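*Asks:* Next input, structure requested:
(one chain, ligands or ions: 1)
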Amino acid sequence: MHTITPKNPIQRLEIGSASNPTGSMNRRQFAGLSASALAWSCLPACAQTFGSAQPVTFAAIGLGSISDIFMRACANSQKAKVTALVTGHPDTKGAKYSAMYGVPKTSIYTYETFDRILDNKSVDAVYIGLPNSMHCEYTLRAAKAGKHVLCEKPMANSGAECHQMIDACSQANVKLMIGYRVHYDPTWIQIVETIRSGKIGQIQSFHGGYFGQQPAGVWRLNKKLGGGGALVDVGIYPLNAIRHITGEEPQDFTAVISTRDRSGRFAEMEQSMEWTMKFPSGIIASCGCSYGQRGPSTLSINGETGYLVVEPAFNYEGLRWHGEIDGQQVEQSSSGKHPFQFTFEADHFADCVRNNKEPESPGEEGLKDMLAIEAIYEAAGAPIA
Ligand code: NDP
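*Replies:* Numbers count the residues shown, from 1 in each chain. Now for the predicted structure:
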């Protein structure tokens, strides 16, 4: 349940996984919250109905950490179901997930046999949880097989690949959505609504970041598989959130990269990056990301009359934000339980497939991020494409 415990002068709320709290959401700063944001934030995913339609059925491609989460999220959904698996390890991982989710042995594919999925009528769509460099190839192959595509971020390794993916899905008349899970998190929906409804005045600037450690030898530190460094993997979160909130495309960039760790871990890419972006309206943003430092996932939004600080901003759960709205201090947190973001995401995609709607985060959204990423690397003097 959403709870409000006024804590003068700070108002404290919890959002995320509960029954209808609208009676208690009478703070004037939330008066403009849209019906859709409330609907999403008030309903547990498993309570949402899907009419009489059958769930949209997925083949999970690449059975690593994110596909594991996605499959768990589908198990909580009435709209999305995993009915096939694609893996380089059919006898181990394939067998394990087949047993967990009731996937028939005949619906376990390898990368070599994947194209046979064309004939599998129990698969509507694919979920691509592969290393970045494989997103384009598997989107093209899935589109050729007539399957809808939910592809993880970053969409691909270059803008040119993104264009190919958009064209292939359009020609095959299948949906293409990029897995920007944050777009489907009720807390973020509310934050975006709050800002867009003018409650902090005209936006002036953003400060964002996402930092973490990657151990030596992982595919993320391999240029060919990862495509780029931390920017394509985690820096993309503040980048996408800022573009999403402003509705503008950044046009001027500065960037610096640096590698202090000389162990060889960062032989193929930078350890850390800081960059700035200026938008056509004059909004400025300053962000950082790293594969080799501890730090928060964070986004601050400064407006003319108020501000919001979201931290952690991009985690799977436990998001918190505080700030000043209408001259009052506010503080709020999400109580949604992981993997709820992925269930909302899968449900949204399923709705788009069943009702022929354009996804909230279509291929074009992934392309715009990729074009900004290319421009940022260019500004850093280290072009990636
Ligand atoms: P993992 O390394 O955990 O899983 C990737 C899987 O891809 C592997 O388990 C493997 O599955 C398959 N694979 C096929 N070829 C290769 C290869 N050459 N090297 C490594 N793996 C290979 O990665 P993640 O799940 O963390 O990331 C996958 C994608 O998901 C990335 O694009 C990443 O950016 C995105 N992601 C998104 C997140 C989000 O919050 N939206 C969070 C984390 C990741 P198998 O053994 O079955 O063949």
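
*Asks:* What confidence value was assigned to whichever residue of the stretch 251-385 of the chain sits closest to the ligand?
*Replies:* Proximity of the stretch 251-385 of the chain to the ligand (C-beta to the nearest ligand atom) peaks at residue 316, 7.1 Å away. C-beta coordinates here come from the backbone N, C-alpha and C atoms, glycine included. Among the per-residue scores, residue 316 shows a pLDDT of 98.

*Asks:* Enumerate every residue touching it.
*Replies:* Shown in contact with residue 316 (C-beta atoms under 8 Å, 6 or more residues apart in numbering): 69, 338, 339, 341.

*Asks:* quick one: contacts for the second one?
*Replies:* Shown here is residue 338, whose contacts under the criterion C-beta under 8 Å, 6+ apart are 69, 316, 317.

*Asks:* Give the helix, strand or coil label for the second one.
*Replies:* Secondary structure for residue 316, judged by DSSP: H, G, I helix; E, B strand; the rest coil, is coil.

*Asks:* how does the protein divide into domains?
*Replies:* The record's domain split for the chain, according to automatic domain parsing, is 4-43+182-336+362-379, 46-181.

*Asks:* what about the last one and the ligand, any contact?
*Replies:* Yes - using C-beta under 6 Å from any ligand atom, we find that domain 46-181 touches the ligand at 62-66, 87-89, 93, 129-132, 152-153, 179, 181.

*Asks:* Residue of the stretch 151-300 of the chain closest to the ligand, please.
*Replies:* Closest to the ligand within the stretch 151-300 of the chain is residue 152: 3.6 Å, counting by C-beta to the nearest ligand atom.

*Asks:* what's the answer for the chain, then?
*Replies:* For the chain and the ligand, the shortest gap (C-beta to the nearest ligand atom) falls at residue 64, measuring 1.7 Å.

*Asks:* where do the strands sit along the stretch 51-200 of the chain?
*Replies:* Using DSSP state E, counting those that start in this stretch, the strands assigned to the stretch 51-200 of the chain run over residues 56-61, 80-86, 108-109, 125-128, 148-151, 176-178.

*Asks:* Sorry, slip of the keys, the one I care about is the stretch 201-350 of the chain.
*Replies:* Secondary structure of the stretch 201-350 of the chain, counting by DSSP E, counting those that start in this stretch: strands at 203-211, 252-258, 272-278, 284-290, 298-303, 307-310, 320-325, 328-334.

*Asks:* Which strands and helices lie in contact with the fifth one?
*Replies:* Okay, so that is strand 298-303. Contacts of strand 298-303 with other secondary structure elements, assessed using 3 or more C-beta pairs under 8 Å, 6 or more residues apart in numbering; DSSP states H and E, are made with strand 203-211, helix 236-246, strand 307-310.

*Asks:* Tell me where the model's unsure across this structure.
*Replies:* Judged against pLDDT under 70, the low-scoring parts of the chain cover residues 1-52.

*Asks:* please redo it, this time with the cut-off set to 50
*Replies:* Applying pLDDT under 50 to the chain flags the ranges 1-49.

*Asks:* Redo the domains of the chain as a markdown table? Include distance to residue 355.
*Replies:* Supplementary listing: those in a markdown table, determined by distance: least, C-beta to C-beta, whole Å:
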| stretch | distance to residue 355 |
| --- | --- |
| domain 4-43+182-336+362-379 | 15 |
| domain 46-181 | 9 |
